[in-house]
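Enquirer: return atomic coordinates for the entry below.
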Amino acid sequence: MPILEEFKKFAVRGNVVDLAVGVVIGAAFGNIVQSLVADVFMPIVGAITGGLDFSNYFLPLSSKVTADTLAEAKKQGAVLAWGSFLTLCINFVIVAWVLFLVVKAMNRLRQADPPKPATPPRQEELLTEIRDLLKEGARAS
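Expert: Numbers count the residues shown, from 1 in each chain. Next comes the predicted model:
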């Protein structure tokens, strides 16, 4: 029974719950970015490059592979799917950029106003006034 109690303490700790929430949000965010890459950026890149669709670019590693699409080619034999890899690399760069912007915004929000300097003790204020008066007196003479 003690191991179940220990597990319960572990599972309901704040860090574990925060991590679980982060993983779920991260998965959802990953789906959004994947759609952004596949449905927005890659068609633009394809239009700029003359209609190229990188997802179907592959290099057959066997002479048996004669297919025109990546899915068919994988069924026929070994292929080097460099187009899919390129798409995933672009996906990574976009995710990294968006996370950079999110962290930058969070850091900007977290920056607290600089602390105000502590007011000097009354004795120090008086000594400062005396010093300033003595300087003025020395200049007047």
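
Enquirer: give me the below-cutoff pLDDT ranges for this protein.
Expert: Applying pLDDT under 70 to the chain flags the ranges 1, 14, 52-53, 112-113, 141.

Enquirer: show me the strands in the chain, by range?
Expert: According to DSSP state E, the chain carries its strands in the segments 59-60, 79-80.

Enquirer: quick check, central residue of the chain?
Expert: The centroid of the chain falls nearest to Leu99 when counting by CA atoms, centre = their mean (1.9 Å).

Enquirer: any idea how far that one is from Asp132?
Expert: According to CB to CB, to the nearest Å, Leu99 stands 53 Å off from Asp132. For the C-beta atoms, the positions are set from N, CA and C on the backbone; glycine is no exception.

Enquirer: go on, Gly50?
Expert: Distance from Gly50 to Asp132, by CB to CB: 77 Å.

Enquirer: helices and strands around the longest helix along the chain, which ones?
Expert: Across the chain, the longest stretch assigned as helix under DSSP state H is helix 82-110. The contact analysis (3 or more CB pairs under 8 Å, 6 or more residues apart in numbering; DSSP states H and E) places helix 82-110 against helix 14-35, helix 42-48.

Enquirer: closest to Glu72 out of these?
Expert: Among those, the nearest to Glu72 by CB to CB is helix 42-48 (19.9 Å).
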